[in-house]
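**Student:** Build the 3D model from these lines:
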Amino acid sequence: MHAAASGKHSTGLSGPVAFGAGLLLLALAPLIRGGNRHVALMVLEWLGLLLVLLLALQQAGAPQRMAPGWSTVGNAQGVPGKGILVLALAPLWVALVQLVPLPAGVWGALPGREVYLGALTAAQIPVDAFRPLSLVPDATWLSVLAGIPLTAAFLLAHTCSFRHLNLLSRALVVFALAQAVLGLFQLGPFPALYFDAALGGRAIGTFANPNHFANYIAMSLPLAILMLRHSSGAGHGKNRAKGRWVSSGTLWGVALFLLLAAVLASSSRGGTTTALLVTLLAVIVLPRQQRHPRARRWGLAGAAALLALVAVAVGVDALISRFETDHAGYLGGDRWLMVTSAWRAGLAFAPAGSGLGTFAAVFPAFQPPGVRGFVEHAHNDYVQLFMECGGLFVVLGGLAVTRMARQVARLARLARTTGLDAPALLQASCGLGVLAVLLHSWVDFNLRIPANAMLAAFLLGAFLRPLGPIPPERGGQSLPA
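**Tutor:** Numbering: from 1, shown residues only. Coordinates of the predicted model:
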């Protein structure tokens, strides 16, 4: 009796403060060039560390001293499983593998170190000292610290209650909408809103690159479509709330229009392609509460009309010309040369890797003659991560892909049996948001931008939340969560 009363009246520090810290972390992430500046990243790292500590206190106190909305009852999550913790603590594994000093004999035997041993000998630097695996330890330390907010965002989405997850998801759409409005204003009579960014003439919001701006918004599009569906479904058949439903549905519809318009206004080919793809998937694949064929046809017609309206508003000619300007194509351009050269570098350093964050320092030795200038990124996150992390990236990436594939299968089976409830629909929408960044990262470096990486980590954490028991399709036992 006393314990129940204590649980009822206790607010605790972890619940409301963790929610506020998480909301602030997600809100601040894109404000200064997508968090890709030292001062901005330091603020995000301290906030992320605070949030991780609060979430740890939350788990340590569960369920007796849990704050309302953070209990392990209902849709709130308990202590994450081992596989989830392995993914969430990826920065820790990088630090343990790449920053722990190794004996000189072990370090020198690692692939790709021969040239560096020769350089140390030529510079008369002792080669018998202990050295970490990373070729540039300072760069790896910076990358590990930058991973703290990613861990915080992932665990926040995975462990919070559905009520808080729903609120945070709505907030993310609002943050993306603010970016979209700012980007559209930049193309209008307010050029000062570029804030002295080097790249003008295209919508970039507070980012430094229109591609990263477009990907940030593309990840939020499935959530915006879900909110629009909920606003229309909640008011269906309720005459007394009709006026409120029209207002809510109209607002979410306008928000979706502005988000799509901003992506097209960025003139990002990768962003535009992935945004249109996840938008169509959110409309076609995700089941509706009304399973009538007529409702599905009207939904498809509405999506087509909205996309056509957005294209007309932004300018069809400008959009098409952006795709026609690259006559050489992706495989014939500098980006493909960067990717192939980075792949060769990855093979040269495999399976140890050169060290997370070392690409800019190491790549010049592999840069092909046809690529001019200083190359900071491979423009393919997967190849760059393989070059820097080697086998560790293969293991963690394989674990993530396996978890996502299992979750897709579970959601598909749940949709066929009992249908997707509100939490499952939210998880599926977050999964489509993850798909947007996974596809775009084949031709860009979105995962190197803190705001985009944090949003992707949050969506992945939400997508991998445990589902309820799944009924069998034709007899047998229910599948576990």
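**Student:** Buried residues in whatever helix or strand Gly397 lives in, which are they?
**Tutor:** Using DSSP states H and E, Gly397 maps to helix 391-417. Of the residues in helix 391-417, 392-393, 396-397, 400, 403-404, 407, 410-411, 413-415 count as buried by neighbour count, 16 or more other Cβ atoms under 10 Å. Glycine gets a C-beta too; all of them are placed from N, C-alpha and C.
**Student:** And for stretch 24-42?
**Tutor:** 25-26, 28-36, 40-41.
**Student:** Serialize these to a markdown table and add fields for pLDDT.
**Tutor:** A markdown table is the format used below for those (pLDDT from 0 to 100):
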| residue | pLDDT |
| --- | --- |
| Leu25 | 97 |
| Leu26 | 97 |
| Leu28 | 96 |
| Ala29 | 96 |
| Pro30 | 95 |
| Leu31 | 92 |
| Ile32 | 91 |
| Arg33 | 91 |
| Gly34 | 93 |
| Gly35 | 93 |
| Asn36 | 92 |
| Ala40 | 94 |
| Leu41 | 96 |
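**Student:** Using JSON lines, please lay out these together with secondary structure.
**Tutor:** Shown next, in JSON lines, are the buried residues of stretch 24-42 (DSSP: H, G, I helix; E, B strand; the rest coil):
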{"residue": "Leu25", "secondary structure": "helix"}
{"residue": "Leu26", "secondary structure": "helix"}
{"residue": "Leu28", "secondary structure": "helix"}
{"residue": "Ala29", "secondary structure": "coil"}
{"residue": "Pro30", "secondary structure": "coil"}
{"residue": "Leu31", "secondary structure": "coil"}
{"residue": "Ile32", "secondary structure": "coil"}
{"residue": "Arg33", "secondary structure": "helix"}
{"residue": "Gly34", "secondary structure": "helix"}
{"residue": "Gly35", "secondary structure": "helix"}
{"residue": "Asn36", "secondary structure": "coil"}
{"residue": "Ala40", "secondary structure": "helix"}
{"residue": "Leu41", "secondary structure": "helix"}
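**Student:** Return the member of the residues you listed nearest to Gln98.
**Tutor:** Leu41 (19.5 Å; Cβ to Cβ).
**Student:** Contacts only, for that closest one.
**Tutor:** Residues in contact with Leu41 (Cβ atoms under 8 Å, 6 or more residues apart in numbering) are 35, 146, 450.
**Student:** do the same with Val144
**Tutor:** Val144 touches 91, 94-95, 99, 356, counting by Cβ under 8 Å, 6+ apart.
**Student:** one more time with 6 Å
**Tutor:** 91, 94-95 (Cβ atoms under 6 Å, 6 or more residues apart in numbering).
**Student:** Helices of the stretch 151-300 of the chain, start to end?
**Tutor:** 162-186, 210-234, 242-265, 269-284, 293-314 (DSSP state H, counting those that start in this stretch).
**Student:** what's the answer for the stretch 351-481 of the chain, then?
**Tutor:** Under DSSP H, counting those that start in this stretch, the stretch 351-481 of the chain gives helices at 359-362, 381-389, 391-417, 422-440, 450-463.
**Student:** among those helices, which is nearest Gln179?
**Tutor:** So among the helices of the stretch 351-481 of the chain, helix 450-463 is nearest, using Cβ to Cβ, at 9.3 Å.
**Student:** which helices and strands does the closest one pack with?
**Tutor:** Using 3 or more Cβ pairs under 6 Å, 6 or more residues apart in numbering; DSSP states H and E, the elements in contact with helix 450-463 are helix 148-159, helix 210-234, helix 422-440.
**Student:** Of the helices of the stretch 151-300 of the chain, flag the one that's most buried.
**Tutor:** Highest mean neighbour count among these (mean count of other Cβ atoms under 10 Å): helix 210-234, with a mean of 25.
**Student:** for that one, packing partners?
**Tutor:** helix 162-186, helix 242-265, helix 269-284, helix 422-440, helix 450-463.
**Student:** By mean pLDDT, show me the worst of the ones you listed.
**Tutor:** The minimum mean pLDDT among the helices and strands packed on helix 210-234 belongs to helix 242-265 (a mean of 79).
**Student:** which helices and strands sit right next to that helix?
**Tutor:** helix 162-186, helix 210-234, helix 269-284, helix 293-314.
**Student:** That one to helix 210-234, inter-axis angle?
**Tutor:** Helix 242-265 and helix 210-234 are oriented at 160 degrees to each other (axes from the mean of the first three to the mean of the last three Cα atoms, to 10 degrees).
**Student:** pLDDT wise, what is Gly357 at?
**Tutor:** So Gly357 comes in at 95 (pLDDT).
**Student:** re earlier: I'd like to know which of the helices and strands packed on helix 450-463 lies nearest to Leu135.
**Tutor:** Across the helices and strands packed on helix 450-463, closest to Leu135 is helix 148-159 (Cβ to Cβ), at 22.7 Å.
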